[in-house]
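Asker: Quick one: sequence plus predicted model below, questions after.
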Number of protein chains: 2
Amino acid sequence: MSDLSIRTARAGGRGARRAMRAAPDFEMLPSLKRGLPECEPMTPEQVRRIDEASMAILEEVGVIFRDEIALADWKRAGAKVVGERVYLDRHLVRELISTIPSGWSYRARNPEKSLPFGGKHSIFVPMTGAPFIRDLDDVRRWPTIADLNMFHKLAHMSPALHSTAHHIVEPMDIKVSHRHLHITYSSMKHSDKTFMGMTTSGKNAEDVMAMCEILFGREAMEETPVTTGNCNGNSPLVWDETMLSAMRAFVKRKQPVLCSPFVLGGANTPASVAPAVAQLNAEALSALAYTQVIRKGAPAIYGHYLSTVSMKSGAPMAGTPEISLMNFMIGQMARFYGVPWRTSNLLGGAKTFDAQAGYESAMTMNAVLHAGANYIWHSAGWNEAGMHCSTAKFVVDAEMCAMGYRMAEGPRWDDFDEAMGAVRDVGPGGHYLGHPHTLENFERAFFMPKMFDNNSIEQWQAEGSVEITERALTHAKKLLADYEEPKLDDGVNEALLDYIARREREIPAVDELNTEH
Amino acid sequence: MSDLSIRTARAGGRGARRAMRAAPDFEMLPSLKRGLPECEPMTPEQVRRIDEASMAILEEVGVIFRDEIALADWKRAGAKVVGERVYLDRHLVRELISTIPSGWSYRARNPEKSLPFGGKHSIFVPMTGAPFIRDLDDVRRWPTIADLNMFHKLAHMSPALHSTAHHIVEPMDIKVSHRHLHITYSSMKHSDKTFMGMTTSGKNAEDVMAMCEILFGREAMEETPVTTGNCNGNSPLVWDETMLSAMRAFVKRKQPVLCSPFVLGGANTPASVAPAVAQLNAEALSALAYTQVIRKGAPAIYGHYLSTVSMKSGAPMAGTPEISLMNFMIGQMARFYGVPWRTSNLLGGAKTFDAQAGYESAMTMNAVLHAGANYIWHSAGWNEAGMHCSTAKFVVDAEMCAMGYRMAEGPRWDDFDEAMGAVRDVGPGGHYLGHPHTLENFERAFFMPKMFDNNSIEQWQAEGSVEITERALTHAKKLLADYEEPKLDDGVNEALLDYIARREREIPAVDELNTEH
C-alpha cells in the first residue's frame, strides 16, 4: 500500500496535487448546512411531557430575577411577581417566545464571511474564558493580551471556525475593568470573521455595543446581528442582575444573547437526565421570554452549559453519555419552540492534551452534531474543564470541526453514476488508483487530517517520533508565521482606539475575574 | 464545588457508597438494547439506488470466487459461472438472503452470559489480529501466548465487553500452523463469555468447530450459535479459497461468519462515499448469498472493514468523516435486507496512546452506535491501524464501550414525576445534593468514568501528575491481580487439551503470519 502516493502521483496531475498540498488553505468554510437527520430520542409525547413539566415549573415554582428592572418589566408584561420571584403563565411564555426569529444572517466585517444561521445552519465558535493557557511551548501559565491576539489570529486562519469568539483566554496583564475593551478590539482587529461580545456587566456590554456601532454603524446593527453575547443562569431557576443588564444592552440593539442555564447535573439539577432537561428548559424559556419583553422580535438563542458532576471531586465532567443524551433532547426542545440553540463542543477535562482529552472532545463533538445545534461554542482549545485553553488542542480541535463539518453535511450523490462506471472499468481484483474518477475526486472524496499521523511506525520513528502535541504546536507556529492581518479601515481603527482611550480614563481600574461559559 | 463529595456523603448512605466504590464490578452488562434512533442519511429512494447499483454490479460485472468448490456450488444454485467469475441474478440473491435469520441468541458457556443478538441488540467485541503489543509497561514488542491470555482475562473482567474475541494479539511464540488451537483454547479457558473462532484456513476452522463441539456439544451448536468467524473479501469483488473454505466449515455447522469486504476507500473502491458503499454492498451480498447456498437458514452477518486511505502514506485512516457516513449508510442497507451487521469500533491510527488515538477512537464509536451496528468488533485496544494492541487503550476502550452503551440505551423516564417533585422541593437558588431523589439516583444517573481524571489540577499534581496511559496500566494490573478463572469442567478441559495435542502431532509446524480484520 505504501506506493499509493507514488502511483497516484505518476498517474497524472502530480504537479497540481503537490502544489495544492503545499498551498496553505485559510479560506473560511461557509456556514455548515447540515445534511444528517438529527438524533431525536424523544417521541412527540415525551417532548410534550418535558414542555408540560417546564411550563408547570414556570407557573407554580417560578423563577427568581435578582434585578429591579427585570422585575418591573415583568410586572408590566403581566407576570405575577412576588418579591424577586416571577411566576410565568404558559400562555404568556408561548406568546413571548413566538416572536423570536428562527434564524438570521450574522454580518461579519468582511461580507464574504457573513453567515446564514439557524434551522439547518450551524457555526463553530472557539472556546471562551480560560484563566490559564497552555502556550506554544505547552507551558501552563497566566495568559496575556498577546496570547489572546494569537488565538484570534489562529481562529481567523482556521477554515471551520466561523468566529473568533472574544476572551478565549483572560488577558491577565490588563486591568479587569478595562479588559472588555481590549478583548473586543482584538476580536475586531485580528480577524474579519464574526465575533462574540463581552457580557461581564451591563456597562461592559454597553461598551461592546458602542464599539460595534463604530465598526458596523447603528443601522446595520438594526438590520441583522453583528455579534453574540452569553448570559448564564444560576441553576436552579435564578437570573442575576449582571447577566440581565448585559442582556438588555444587547437585546435593545437587536444583538442576540445565548440564554444559558449553567447545568452541573446532579448538583444544581435533579440527578436524572430527562428531569434535568425539563428544569433547564424552564430556565432557558424564562430568559428567552424576557428577551422579548425587552424588545419584541429581537433575535435570541436557546442556550445552556451542560456538565455532569464527578462524585469524587465535585468537578464538572465532559464527554459523558448523559451529556450526549441531554444535547439530543435539548435539540428537540429548541426545534419544538422554533428557536435556534447553542451548545458546547470539544470539551475536555484532562490536565494535558492526552488521550482523555481526545476521547472527551470527540464524544462531545459527535453529540453536538447529531443533536443539530446551531451555535456551536467552545469549539477549539477547551481542556481542564475550561481552566486552560491549550494551543495545541486549539489547532487540532479546529481540524476536528472541519471533519465534523464534512460528516454533518452528509453524503453527496453528484458523481454516483460516473463512479458506477469506474466499478465496471476496474472490475473484480483491479484497483482504482489511476482511474480518471479517482484522480478527479480523490481530494474531495476523503478528508485527510493534517494533525493525525497515519504513516507507518518506521516512517514516524524516522521523522523523530513526534507526538500530536508537538506536531500541533509546530503547525500553530507555521500558521502564525503565515498570518496576514485583514486590516481595519484606518478611520474605524482610530475611532475604536479613541473610544478605548476615553473609556479607560472614565472607568476606574479594578482587578477581579469574571468568566462565562 | 469541591465539597460535593463531602456533602453527598454527609447527607446519608456514606458507608454504602464507599463500599460500592471500593467493590470491583466485573459483572457483564446484558446485550445492549439500543434506545436511540439510528442515523439514517439516505432517503428510501437513495437506499433503493444503492440496492439497484449493487444488484447491477452482481448481474453485469460479477464477482470472482477463487475456489473450485464455491464455483461448483454456484453452478448448482443456478448462477451463471464464467471461469472464476460468478454473475448473480438479483432474484437469486434476494431469494438466498431471505433465509438469513434477522437475529438469534449467542450461547456462552456460562448461560448467564448468553446474548440476544440482532435488531436493536448490539454486542461489543475486542480487537483482533495485532502483530505487536504495547504491554503493561507500554513497551511495543512481539506478543506471546501469555499476552493473549492476559487480554482474554481483561475482556472477561470488562463489563461492556460481551466477548473475548480470539487472537487479540498474535502469539508469536507458537508455531503459526498450531496457533489457532492455542488461541481458541485461551478464549475458552480464561473467560466464560462468548468468543470468536479462527478462520485462517478451512482446516483451522474445522479445528475450531471440533473444539466448540467438545465444549458445547454438536446439538447445542445446531440450536444456536456459540461462536463467530470472520471472512474478509478482497475488494473489489473477489472472495478467495482460504476465506471461503473457512466460511463453509462454520456455516455447515450453523455458526455465523461476518461477510466482510475489506475497504481501503479510494484504493480498492471508487473515491466517493456512496459509490464505495454500493460496491461494498454488492460484495457483502454475494458472500451472504453464498452462506445460504452452503446451508439454507444458517445465520450470517453483513460485514465490512472500513477505512479511507491516506494520500500521503497509502495507510488506512481511522475516525475520518467518510467512515462515519459509510457506517450510517451500511446500517441502512443491512436493515433494508433484514440481516444483522458488523462494524469496527474505537479504531486509532496513532503510534502511541495519545490525543490522536482518543479523537479517532471516539469518532469511530459514535459513528458505530448512531449507525446501529449489531456486532461491534475491534472494540478495545486497536491502535496504529491495527498493528498493535495497546494494553492501556484496551482498558480505556472497554470503559468507553460502557459509556457508549449508556448513551445508546437512550434516556429513561421512570423517575420523571418523582424528580419533578424534587424541583419543587429545592426551588430557585437551592441545590440537590442532599435531596432524597439525588441520593437515590446519583449513582445510576450519571456515568463516572474511572479512567478519566476530573480532579482539579492541584489535586492531580499532588497525586503525581499521572497521565492516562499510566492510570490505565495501573488499573489493568489491578484487574489482573483480582482475576478469578471461571474454571472449565475438568473433563472438557482434558478433552480440549487432548485434541490440541493430537492435532499438534498431525499438523506440520509452519511459520507464517495471517491476520484478519
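Answerer: Cool, the structure landed.
Asker: in chain A, which helix or strand is least confident?
Answerer: When each helix and strand of chain A is scored by mean pLDDT, DSSP states H and E, helix A:4-10 comes last, with a mean of 36.
Asker: OK, now which residue of chain A is nearest to chain B?
Answerer: Nearest residue of chain A to chain B: A:Gly358, at 2.3 Å (C-beta to the nearest C-beta). From N, CA and C alone the C-beta is placed, and that goes for glycine too.
Asker: Now that residue: which helix or strand?
Answerer: Counting by DSSP states H and E, the element that carries A:Gly358 is helix A:355-371.
Asker: which element follows the longest strand that chain A contains toward the C-terminus?
Answerer: Identified as the longest strand of chain A according to DSSP state E is strand A:257-265. Sequence order places helix A:273-294 as the next helix or strand after strand A:257-265, per DSSP H and E.
Asker: so who does the residue lying closest to A:Leu237 once chain neighbours are set aside touch?
Answerer: Nearest residue to A:Leu237, sequence neighbours excluded (C-beta to C-beta, 6 or more residues apart in numbering or on different chains): B:Pro428, at 3.6 Å. With contact taken as C-beta atoms under 8 Å, 6 or more residues apart in numbering or on different chains, B:Pro428 is in contact with A:61-64, A:85, A:236-238.
Asker: can you put these in CSV and add neighbour count, pLDDT and secondary structure?
Answerer: Converted to CSV, these look like this (neighbours: other C-beta atoms under 10 Å in any protein chain shown; pLDDT from 0 to 100; DSSP: H, G, I helix; E, B strand; the rest coil):
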residue, neighbour count, pLDDT, secondary structure
A:Val61, 20, 98, helix
A:Gly62, 23, 98, coil
A:Val63, 26, 98, strand
A:Ile64, 21, 98, strand
A:Arg85, 18, 98, strand
A:Pro236, 28, 98, coil
A:Leu237, 27, 98, coil
A:Val238, 22, 98, strand
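Asker: Pick out the most distant pair among the residues you listed.
Answerer: A:Arg85 and A:Pro236 (12.5 Å; C-beta to C-beta).
Asker: neighbours around the closest residue to A:Lys193 other than its chain neighbours, how many?
Answerer: Leaving aside its sequence neighbours, A:Lys193 sits nearest to A:Lys113 (C-beta to C-beta, 6+ apart; 5.0 Å). Look at A:Lys113: counted by other C-beta atoms under 10 Å in any protein chain shown, it has 21 neighbours.
Asker: any idea how far A:Gly410 is from A:Lys113?
Answerer: As judged by C-beta to C-beta, to the nearest Å, A:Lys113 and A:Gly410 stand 24 Å apart.
Asker: which is the next helix or strand following whichever strand or helix holds A:Val81?
Answerer: Following DSSP H and E, one finds A:Val81 within strand A:80-82. Heading C-terminal from strand A:80-82, the first helix or strand you meet, by DSSP H and E, is strand A:85-87.
Asker: outside of that following strand, which residues touch it?
Answerer: So strand A:85-87 is contacted by A:58-60, A:62-65, A:70-71, A:74, A:79-81, A:286, B:428 (C-beta under 8 Å, 6+ apart).
Asker: before we move on, back to that, so who does the residue of chain A closest to chain B touch?
Answerer: Neighbouring residues of A:Gly358 by C-beta under 8 Å, 6+ apart: A:348, B:354-362.
Asker: how about TSV for those, with pLDDT and distance to B:Arg134 added?
Answerer: Below are the contacts of A:Gly358 laid out as TSV (pLDDT from 0 to 100; distance: C-beta to C-beta, whole Å):
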residue	pLDDT	distance to B:Arg134
A:Gly348	96	23
B:Asp354	97	12
B:Ala355	98	16
B:Gln356	98	15
B:Ala357	98	11
B:Gly358	98	15
B:Tyr359	98	18
B:Glu360	98	16
B:Ser361	98	14
B:Ala362	98	19
